[in-house]
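[1] Just to be clear, the model below is a prediction. Sequence and coordinates:
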Amino acid sequence: MVIINDALLLEYAKETLEIEINEAQRMLDRLDESIVFACRMLLDCTGKVAVSGIGKSGHIGKKIAASLASTGTPAFFVHPAEALHGDLGMIGTQDVVMFISYSGRACEIITLMPLLADSGIPVIAFTGDISSPLAKGATCVLNIKIQREACPMELSPTSSTVNTLMMGDALTMALMRHRGFSLEQFARSHPGGRLGAQLLNCVHHLMRTGENISKVFWKVTVMDAMFELSRTGLGLTAVCDNHNRVAGVFTDGDLRRWIVQGKSLNDPVDIAMTKPGYCMLKEWRASVALKALHQRKITAAPVVDKLGILVGSINMHDLHQAGIE
């Protein structure tokens, strides 16, 4: 039976991180104008960025391509072996190719280099060997050299893949910030899941409309408003004037206070309502609406257009159900 030494496992994990952090620090210290040159190439590119690598470099390349594409630099990944068997047609003369090979000697990539040169397609190389065939044939070289891998046998790519990923992120973020890539643009690239819900949904996408809007007109009685509260279960009802503009709100709390004070349910609601009441604009981002509800310690609000006309109702449950947090 093998005895598991927990302390030794923790030591191995820490040693791995220490090696990788040290190697990353060395890369930071030697970062130079080559990344500026690479950025200029990509900013001037009128086509797309084709990222390519094989093995672990290929996996990192897929992430780099995805990061570029989602932050304003159109990019895609192409496997170098597949490129040699037809996928080279995916790359056009307006594109820039980004090859990733730590050794700079991957045979598939070296085979592709003269073909790209013949078509006048520029190459950015990520490599740890600036004297390699890849580096010598590239238009721009980004040096990801390390002194040692974190692997004790110096075989499994560890520090080198971390450096590659970091260089790709540095390039991506530099481009993103230079382009002034906005929150709205970011949202368009990330429409799915929680991130999409947070960035894309506006109040008018999630609000209750039609028969689900909770509203009464200001000359009805408190009892009529109570029935509307019960019908919708929203916790409040908007009180509107004859032009459907919100004049106030009548809440469960308003009803309780009215009854406790011994007032009549046949009184007009406009003397029992909260004036002017808190409303939300339909154009607000849903995340902003949720924050506003929390700040005011309320659970629901009428939704209005820019003229103050009631167009919907919304509460915290509607927002949470849509993934807004």
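    Yes, it's here.
[2] What's the end-to-end length of stretch 40-50?
    16 Å (CA to CA, to the nearest Å).
[3] can you pull the buried residues of it?
    Neighbour-count burial for stretch 40-50 flags 41, 42, 45, 48, 49, 50 (criterion: 16 or more other CB atoms under 10 Å). From N, CA and C alone the C-beta is placed, and that goes for glycine too.
[4] How about residues contacting it?
    The contact list for stretch 40-50, computed with CB atoms under 8 Å, 6 or more residues apart in numbering, reads 65, 68, 73-78, 90-98, 122, 124, 139-140, 171, 175, 178-179.
[5] Mean confidence (pLDDT) on it, please.
    What stretch 40-50 shows for mean pLDDT is 96.
[6] and the buried residues of stretch 40-50, which of them are in helices?
    Assigned to helices by DSSP state H, the following of the buried residues of stretch 40-50 qualify: 41, 42.
[7] Including distance to residue 83, could the buried residues of stretch 40-50 go into a markdown table?
    Shown next, in a markdown table, are the buried residues of stretch 40-50 (distance: CB to CB, whole Å):
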| residue | distance to residue 83 |
| --- | --- |
| 41 | 20 |
| 42 | 20 |
| 45 | 18 |
| 48 | 14 |
| 49 | 14 |
| 50 | 9 |
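[8] Let me see the mean pLDDT of stretch 108-123.
    96.
[9] Make residue 1 into 37 and carry on from there
    Got it, first residue is 37 now, which makes that one stretch 144-159.
[10] Buried residues in it, which are they?
    Neighbour-count burial for stretch 144-159 flags 144, 145, 146, 148, 149, 152, 157, 158, 159 (criterion: 16+ other CB under 10 Å).
[11] just how off-centre is that stretch within its chain?
    Centroid displacement of stretch 144-159 relative to its chain, using CA atoms, centre = their mean, to the nearest Å, is 34 Å.
[12] now swap in stretch 353-361 and tell me
    18 Å.
[13] Straight-line length of it, end to end?
    Chord length of stretch 353-361, first to last residue, is 11 Å (CA to CA).
[14] so how many other residues sit close to residue 312?
    Close neighbours of residue 312, defined as other CB atoms under 10 Å, add up to 12.
[15] Residue 283 is in contact with that one, correct?
    Yes: with contact defined as CB atoms under 8 Å, residue 312 counts as touching residue 283 (7.0 Å).
[16] quick one: the residue lying closest to residue 303 once chain neighbours are set aside from residue 271, how far?
    Excluding the flanking residues, the one nearest residue 303 by CB to CB, 6 or more residues apart in numbering is residue 258, at 5.4 Å. Applying CB to CB, to the nearest Å, the value for residue 258 to residue 271 is 16 Å.
[17] neighbour count winner among the two?
    A direct count of neighbours by other CB under 10 Å for residue 258 and residue 271 places residue 258 higher, at 24 against 19.
[18] Touching, the more buried one and residue 306? I think so.
    No: applying CB under 8 Å as the test, residue 258 and residue 306 come out as separate, 9.8 Å apart.
[19] Give the buried subset of the contacts of stretch 76-86 as a ChimeraX selection command.
    The buried residues among the contacts of stretch 76-86 can be selected in ChimeraX (16+ other CB under 10 Å) with this line:
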select :101,104,109,111,112,113,114,127,131,132,133,134,158,160,175,176,207,211
